[in-house]
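Asker: my questions concern the predicted model and sequence given below.
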Amino acid sequence: MRLLYPKLLSVAIHYIFINILSLVFLFVSNMLVSCNKEDDINSIFAGKTWYITGATINGSVINGELLKELYVSPSSYFIQFSSDNTFNGVLVAGSSIAGTWNANGKKNTFSFHFSKSTDVNNSSLSNNIFNILKDASSYNGDENNVIIKEDNQNIVRFTINRFNTH
């Protein structure tokens with residue numbers, strides 16, 4: 001009987017050690033996988049024309065009929081990103097923007113640097129959207145939908161499908 005207890009204790013310690021080691025391995029491997037998760041910036045932005053589908057301005061949601069002024073003509077688009085980190089776009093007819101963009105796929109940070117912005121004050125909606133883009137600090141999204149944020153109260157939502165106004 002005396003020899004049975006030490007052997008049983010040894011088996012129990014071995015079993016506990018294996019289980020703890022397995023849990024540590026799972027935890028560490030899960031942390032490594034989640035730490036490597038990074039957006040592919042080029043597949044999200046580069047070479048695409050993004051159309052605005054909505055905005056939140058000072059906490060008020062803007063969509064539908066109010067956005068029609070951005071698409072006065074069938075050929076107008078909102079913003080197009082190039083793989084060389086340049087962009088160009090149209091807010092309303094005759095109001096163009098251009099410059100460079102920068103995004104970090106790991107931290108989801110985003111910024112625009114405008115080299116051209118003409119007549120953005122001819123519409124308060126366009127001016128508000130321009131200011132959100134000018135002060136953008138982050139993004140969320142994928143290859144089909146993107147949200148660019150100044151903060152939680154000021155957001156512009158985009159999709160690769162043209163906003164239907166007709």
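Answerer: Received it, and whenever you're ready, just let me know what you need.
Asker: which parts of the chain are helices?
Answerer: 4-35, 41-44, 124-134 (DSSP state H).
Asker: what is the shortest one packed up against?
Answerer: Using 3 or more CB pairs under 8 Å, 6 or more residues apart in numbering; DSSP states H and E, the elements in contact with helix 41-44 are strand 96-104. In short, each C-beta sits where N, CA and C put it, glycine included.
Asker: tell me the angle of the strand it packs on relative to helix 124-134?
Answerer: Going by axes from the mean of the first three to the mean of the last three CA atoms, to 10 degrees, strand 96-104 is angled at 30 degrees with respect to helix 124-134.
Asker: ok, and for strand 96-104, which residues are buried?
Answerer: 96-99, 101, 103 (16 or more other CB atoms under 10 Å).
Asker: next one: stretch 127-139
Answerer: Neighbour-count burial for stretch 127-139 flags 127-130, 132-134, 136, 138-139 (criterion: 16+ other CB under 10 Å).
Asker: so which of those residues comes closest to residue 78?
Answerer: Residue 78 has its nearest neighbour among those in residue 129, at 8.6 Å by CB to CB.
Asker: where does the record place the domain boundaries for this structure?
Answerer: 1-37, 41-159 (automatic domain parsing).
Asker: what is the mean pLDDT for the first one?
Answerer: This points to domain 1-37. Domain 1-37 comes out with an average pLDDT of 60.
Asker: in JSON lines: the buried residues of stretch 127-139, plus pLDDT.
Answerer: What follows is those, written out as JSON lines (pLDDT from 0 to 100):
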{"residue": "127", "pLDDT": "82"}
{"residue": "128", "pLDDT": "86"}
{"residue": "129", "pLDDT": "86"}
{"residue": "130", "pLDDT": "87"}
{"residue": "132", "pLDDT": "93"}
{"residue": "133", "pLDDT": "92"}
{"residue": "134", "pLDDT": "92"}
{"residue": "136", "pLDDT": "96"}
{"residue": "138", "pLDDT": "97"}
{"residue": "139", "pLDDT": "96"}
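Asker: and of those residues, the nearest to residue 41?
Answerer: Checking the buried residues of stretch 127-139 against residue 41 with CB to CB, the nearest one is residue 139 at 9.3 Å.
Asker: for the closest one, which non-adjacent residue is closest in space?
Answerer: Distances taken as CB to CB, 6 or more residues apart in numbering place residue 110 nearest to residue 139, at 4.1 Å, with adjacent residues excluded.
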